[in-house]
Structures are given as structure tokens and as C-alpha cells.
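> this one's structure only:
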């Protein structure tokens, strides 16, 4: 079946007022049913690229497109087509998990969900029923992260942006999250994920990109990486060499 590109970075460039070049002509795309993992050190440009797709940051030149919509020209329409989970999920601590899901679903225009739908989403991300009615102020970072992922699922957008999604998850939860990503891919979602987790990137992604100093220095498919030691490859690029 023919699939289309949902997320497209086209010569995406961002130079800040202080002269720092955060992105330098970055181009890549993520199609329906694909996971793109972006690796790189802190400050490499991963989060800046994601912020351009959300129009939190406007590029100096080039474009970020969501389902064909240029994000800095029609940000409201673009945001309808993308769900986002940040590294530090900002939810309401005095709301329960169910109340947070209900609030953010309605905020996104989804008014037909039932309490059973919310409970199913929380179960799907690994939050057991006994915590659904507990306030988030008592949740660990990993539990809040799961709530954020549940909200992203309920938005049912064609694209999902994940900024360090396994941050704060214990090994079991990270393993379960990897399975969830596979399910979302099979549903046709286009997923862009920034991560430091080289192992998960190789195990999960269809394409892996390496960012360094605002540039995409490597981009390879999972098939190309099958016989490679991705950790060694990453360290080679970080040292300034390529092969």
C-alpha cells in the first residue's frame, strides 16, 4: 500500500539572535507507519527540530511540514495533525489521571470519549486501574510520562512527536513502551522520536538519524544498520569522522 510522508523537514535552518546556528539545512521525512529516531548529544538540535514542527520556534529558512502543512504558515491547522509528548510532561497535579485525559482530550476537540475510553488508554500505556483516580501530584516522573503518552494516543493524530520518551521509565516500562510504539506504527502513525537510548533506537526505528552541531550527519534505514554496532557508529560520528 502506498504511504505518504507525514512529517517533512526541508532544509530546516534556525539561527538565533545571538548567532548560534541550532539547525543547518536539515532535511528528512517520516512516512505513515514509520518510526524515525533522532540521536545526538544535548544541544545537537534534536529538540529544536521538534519545536519547529510544533511552531514553538520559527525557522530562519526552510520548512517543517505536517501532513503537507507548513507549520510556521498555518500552525493551528498543523498542530491538529500532531500529538506531542515532551521529556517533562506538563499536566495538572491536582487532577486525577482520568481528569487529565478528559481535560486534554476536550481541549483538543475530542468530546465523544467516555470514562471507559480514558481507562482503556491508561491501561494501554501500563497504568493500572488502581491509580486512575489518584491525583498526579503523587505520581513518579515515569507515571506522568505514561499519562502524557495516553493523551497523545487519544488525540489520534497522524503524527506523534516524542522528545526523550523513555526518560524516567524503568527498564520494564521502557520495554512495554517499545511494544506500544510498534502498535502505533502498525496503526499507520508517523513517529518522530528524539532519544539518547541507542539500543531502543536500533530495536524500534525504521530510520535512525544522528544530529551533531545542528546538522544531520548520518541517516540510515534499519536494514542498513542490521549488521552495524550503532553505539560504535554513533561514537565515530561524535568524534568527527564518518565512514
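Now that the structure is in, tell me what you want to look at. This one's a predicted model, so the numbers in the text were calculated from it and none came from an experiment.
> What strand or helix carries the residue nearest to the spatial centre of the chain?
Closest to where the C-alpha atoms of the chain average out (Cα atoms, centre = their mean) is residue 162, at 1.7 Å. Residue 162 belongs to strand 159-163 when assigned by DSSP states H and E.
> can you give me how far that strand is from the chain middle?
Mean-position distance between strand 159-163 and its chain equals 2 Å (Cα atoms, centre = their mean, to the nearest Å).
> Around the nearest residue to the residue nearest to the centre of the chain once chain neighbours are set aside, how many other residues sit close by?
With sequence-adjacent residues excluded and distances taken as Cβ to Cβ, 6 or more residues apart in numbering, residue 162 is closest to residue 193, at 4.2 Å. In this view, the C-beta of every residue, glycine as well, is placed from N, C-alpha and C. Residue 193 has 26 neighbouring residues, counting by other Cβ atoms under 10 Å.
> next one: residue 16
11.
> What pLDDT does the model give it?
As predicted, residue 16 sits at a pLDDT of 92.
> Spatially nearest residue to it (excluding sequence neighbours)?
Per Cβ to Cβ, 6+ apart, closest to residue 16 is residue 22, 6.3 Å.
> Name the helix or strand for that neighbour, please.
strand 21-31.
> so residue 83 makes contact with residue 150?
No - counting by Cβ atoms under 8 Å, residue 83 does not reach residue 150; the two are 10.5 Å apart.
> Look at these two and report which has more neighbours.
A direct count of neighbours by other Cβ under 10 Å for residue 83 and residue 150 places residue 150 higher, at 26 against 23.
> Now the helix or strand where the more buried one lies: average pLDDT?
Residue 150 belongs to helix 141-155 when assigned by DSSP H and E. On average, the pLDDT along helix 141-155 is 89.
> For it, what is the distance to the chain centroid?
How far helix 141-155 lies from its chain's middle: 12 Å, per Cα atoms, centre = their mean.
> Can you list the buried residues in that helix?
Using 16 or more other Cβ atoms under 10 Å as the test for burial, helix 141-155 gives 142-155.
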